[in-house]
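Enquirer: got a predicted structure here, sequence first:
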Amino acid sequence: MAEHQALYATDEYGRPFIILREQGRKVRTHGVEAIKQHILAAKAVANIIRTSLGPRGLDKILISPDGEITVTNDGATILSQMEVEHQIARLLVQLSKSQDDEIGDGTTGVVVLAGALLEQCEALLDRGIHPIRIADGFDRACKVAIGHLDKISDTIEFSAADTGNLFKTAMTSLGSKIVSKEHEKFARIAVEAVMTVADLDRKDVSFDLIKVDGKVGGSLADTALIKGVLIDKDMSHPQMPHTVRDARLAILTCPFEPPRPKTKHKLDITSAEEYRKLQQYEKEKFTDMIKRVKDTGANLVICQWGFDDEANHLLMQNELPAVRWVGGPEIELIAIATHGRIVPRFEDMTAAKLGKAGLVRELTFGTTRDKMLVIEECANTKTVTVFVRGSNKMIVDEAKRALHDSLCAVRNLIKDNRVVYGGGAADISSSIAVAKAADEIPSIEQYAMRAFASALDSIPLALAENSGLSPIETLTEVKSRQVNEGLSTLGIDCLGKGNPDMKEQFVYDPLISKRQQYLLATQLVRAVLKIDDVIIAGQAED
Amino acid sequence: MSMNILGAEATEEKAENARLSSFVGALALGDLVKSTLGPKGMNKILQSASTGEINVTNDGATILKAIQLDNAAAKILVNISKVQDDEVGDGTTSVCVLAAELLREAEKLIAQRIHPQTIIEGYRIASAAALEALEKSAVDNSADPVKFRQDLVNIARTTLSSKVLSQDKNYFSNLAVDAVLRLKGSTDLDHIQIIKKVGGKLTDSYLDEGFILDKTIGVNCPKRLENAKILIANTSMDTDKIKIFGARVKVDSTGKLAELERAEREKMKSKVEAIAAHGINVFVNRQLIYNYPESLLAEKGILTIEHADFEGVERLSLVTGGEIASTFDRPDLVKLGQCDLIEEIIIGEDKLIKFSGVAAGQACTVVLRGSTHQMVDEAERSLHDALSVLSQTVKETRVALGGGCAEMLMSCAVDNEAKRVMGKKAIAVEAFSHALRQLPTILADNAGYDSSDLVSRLRAAHYDGQSDAGLDMDQGTIGSMRQLGITESYKLKRQVVLSASEAAEMILRVDDILRATPRKREAV
């Protein structure tokens, strides 16, 4: 940086101007310097979303390059939409995304934890500990912590009839979101939706069967669970009936149009005779298509493609209500819900391939002519749609995200019904266990393990801070009580209920979610510590 | 030391700054529209920057839609007002003003170092209490048709009184109620066609029992026809192409070309024959009708109307009870539309087609007249508001009282609730009630009355048990809203409180605004 960045000069009239030198090539940092830079970047990311943690965490407004607004407090959403440029910061974005993909919940926590771990590394690096040794220490600590989580976890019982515990988990997951306005309602919807589609024997929940759809208008309280499928379409002809009882659905992926071969072709009309023939053929084709559908006994047509005006009218004349331009995923969902088969060609149409539904009706909304189609009382009762309402677009979007999180939380419990206690209780308990284990290690990793223990404290600290409590005081008090009374269920009393026992407040977190947080955060930290240089390829100097 | 992890030009506003920017944006927007509130509210001129077109309006949603905003919180307010417009049709200003007032109160509380989440808790308690009070006060007269009609007329009058149509609100409220009742419960306002024609005065506007189509009758056709049998079609009457993909004409001699042309003509002729076989005397097509088929049809004594657009065709089918046909091989299956008389009429300078004596009549036409374009446009918006509210009221039949009465009622209920709440939340609950009281205050201010005096008298009246007391804006006193007939739809009021509190909550929860690098646009 010895060169001058700016040059003072005067033009021919003696007026001064400043010539700024194009910023020269950035000095590449490497070694410990680079790691420190990276830690700084990671901390910056963690600090942004730290305030969103917990039931009293706050939201962020994200403004996209086109000026679109998203209001959210979901960690994964914030990070993915804030257009992070820095390379290491991007790793953190990936981290929260993988937690989102894997577990669906706890996306904020994992980033806060990773940020805290990296912060601890800084001090260790200053002491001259090699980055890899730190990473090794963290790995050992992580193992201890996970072992400890298994130990303190509780198995919670639930059955199809008694979903009380699932409900409480859903409540915890929703506590931090805006939908806590209708807390119970959303939690109930989440549990009911998951329980409807869950396969309790295989401990599996197929999310393909749960559709979350939203529409602005009304309020969050009007959100409802529909046992069936909802599609944002209406009947193709305004005069078709708006309700169909005992519907037999023909689900088609072929358009009501004359067939066209896939290969490129041209059809030459060379005489009037041919012209007439073609005209006849076209007409027959239409009647034939309708007849095939009608013959199977169908009384509702769901089609992925559009219809020609003529076909549309023929359908109407033959009392075949039809829906056109239904999207691919939706058509699949309808097929699953009604036990129908998707028919790609009219020739394949048979009565056995029809889907069945008790009631198909059109819903109208507000003063605009928005219509949606509800398919209810389906043959397959295991499909549900959550229909989210809200007073503005942002709130509907956020409610959808929140619902997704809570659906995931409930699903995780069905997969593995062990839980740990939230409110930082599990983190504090693990922190104590790791700190204890650290003292037994003879090598340098001891330091790293202690650092890991302090990093674990960052989650309860952030919770306390966001709740307006004095963080250090609260944490130390809870920690000492955990050690003295041997209760691993004590956590931060965010809601001011006067009782820090999370078991009694029913604040549950699925074990796998917490475990995944520890594992992912530790892995990421190791990755960051191993990087000692960033080389940007392909950036030519000009 | 912090590190820039975001792209160049991306900005981040944190904590206090973020809140400040939300509050400033929301309050500015609220102040902007609040002068349009109420019967004595003022209008705004909106001028388009690109075309210079002028629009005079006092409809909140229209104003907000026209403003270019760069503030996130303000955009949320615009969105709730838009949703209010889509959902209920009116109250677009109220919802925005209430949300802004809630935020104004919240700003004060935050200055007192109260946690935003605590304020939200308080607001939630308050809005629940307010809605409960509102629901209790709502009256349902749907069982008694005479009273219900009176309710509807009152709602229409209340809605229209703050608009350009207020001069003739009696006339228009009856007109609107008639129009909505004809829909028979449907809320599809597209079935009410509003035709705007400049000229004449506002009271020259009328509701036509029949149906008016803003099109002209084809040439060579009679201009008046009795006992019409109408076929409503959506079919191509130009060349009627072969739809098979890849088909094209390839001939090697002129003779053959002529032959083909003849075949084409014959095809069209047979189509016309098929159409005529329906035994009709009027043919309305959504698409164009070329000269050749038109003359063929005219020869058969069939009146043709071409290029009636989607809505026109749909409304016509609703009114006349005919179906929209695209194939003509089975005349026995096609339902024809019927009406007693079709004639060409002239409004102002334009020729229109009027269908009278129609069978079904689930659609109707309102012809609006006015001295200037702006006037007619604004009249249309006002009428649309009234129609929307009415159509929603037909569905949700309960009504609440206007003139600040419902707000004061809710405010009192919230005040009562505040006394029972423990903790800091109670302050937020009180703030909510204060925000609710701002609505009657603004109403009074806009009318130039002494708002502090009026509102305090109004509050006293409510505590005295006069639960129907409101502001009488003509006299500048407190009066019984029930006697004055100032009613509003319950759904509207409910939606205003719900949307405003949800939006306020949403904005309050924010402590960070991250703005991505704006997308570079190519200069045009």
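Expert: Here it is on my side, so go on.

Enquirer: all contacts plus neighbour counts: C-alpha atoms, from now on.
Expert: Noted.

Enquirer: so who does residue 351 touch?
Expert: Let's take chain A. Going by CA atoms under 8 Å, 6 or more residues apart in numbering or on different chains, A:Ala351 touches A:296-298.

Enquirer: nope, chain B please
Expert: B:214-216, B:344-345.

Enquirer: who wins on neighbours among the contacts of A:Ala351?
Expert: Comparing these by number of neighbours (other CA atoms under 10 Å in any protein chain shown), A:Ala298 comes first, having 22 neighbours.

Enquirer: thought A:Trp325 was touching A:Met235, still the case?
Expert: No - using CA atoms under 8 Å, A:Met235 makes no contact with A:Trp325, being 10.3 Å away.

Enquirer: comparing those two, which shows the higher neighbour count?
Expert: Each of A:Met235 and A:Trp325 has its neighbours counted (other CA under 10 Å); A:Met235 has more, 22 against 17.

Enquirer: ok, and the closest non-adjacent residue to the more buried one?
Expert: Of all residues beyond its chain neighbours, the one nearest A:Met235 is A:Val323 (4.8 Å), with distances taken as CA to CA, 6 or more residues apart in numbering or on different chains.

Enquirer: before we move on, what about B:Ser411?
Expert: Excluding its sequence neighbours, the residue lying closest to B:Ser411 (CA to CA, 6+ apart) is B:Ser433, at 4.4 Å.

Enquirer: just give the number of residues close to that neighbour.
Expert: The number of residues near B:Ser433, taken as other CA under 10 Å, comes to 28.

Enquirer: from B:Arg494, how far out is it?
Expert: 15 Å (CA to CA, to the nearest Å).

Enquirer: sorry, back to before: now do the SS call for the residue nearest to B:Ser411.
Expert: Under DSSP: H, G, I helix; E, B strand; the rest coil, B:Ser433 falls in the helix class.

Enquirer: verify the contact between it and B:Asn416 for me.
Expert: No - the criterion here is CA under 8 Å, and B:Ser433 misses it with B:Asn416 at 9.7 Å.

Enquirer: and the average pLDDT for stretch A:299-319 is what?
Expert: Averaged across stretch A:299-319, pLDDT comes to 80.

Enquirer: now it: how far from the chain's centre is it?
Expert: Distance, stretch centre to chain centre, for stretch A:299-319: 37 Å (CA atoms, centre = their mean, to the nearest Å).

Enquirer: that one near chain B at all?
Expert: Yes - using CA under 8 Å from any CA of the partner chain, stretch A:299-319 reaches chain B at A:309-310, A:312-314, A:317.

Enquirer: can you give me the end-to-end distance of that stretch?
Expert: 7 Å.

Enquirer: what comes into contact with it?
Expert: Stretch A:299-319 has contacts (CA under 8 Å, 6+ apart) with A:236-237, A:239-240, A:244, A:247-257, A:286-287, A:290, A:294, A:320-328, A:331, B:234-235, B:324-327, B:333-334.

Enquirer: give me that answer again for 6 Å
Expert: Applying CA atoms under 6 Å, 6 or more residues apart in numbering or on different chains, the contact partners of stretch A:299-319 are A:248-253, A:255-256, A:320-326, B:325-327.

Enquirer: residues from chain B in reach of chain A?
Expert: Near chain A, the residues belonging to chain B are B:3, B:5-7, B:79-80, B:83, B:86-87, B:188, B:244, B:246-251, B:259-260, B:263, B:325-327, B:388, B:499, B:509-519 when assessed by CA under 6 Å from any CA of the partner chain.

Enquirer: ok so, going back, tell me which two of the residues of stretch A:299-319 next to chain B sit farthest apart.
Expert: The distance between the two most remote of the residues of stretch A:299-319 next to chain B (CA to CA) is 12.2 Å, for A:Asp309 and A:Gln317.
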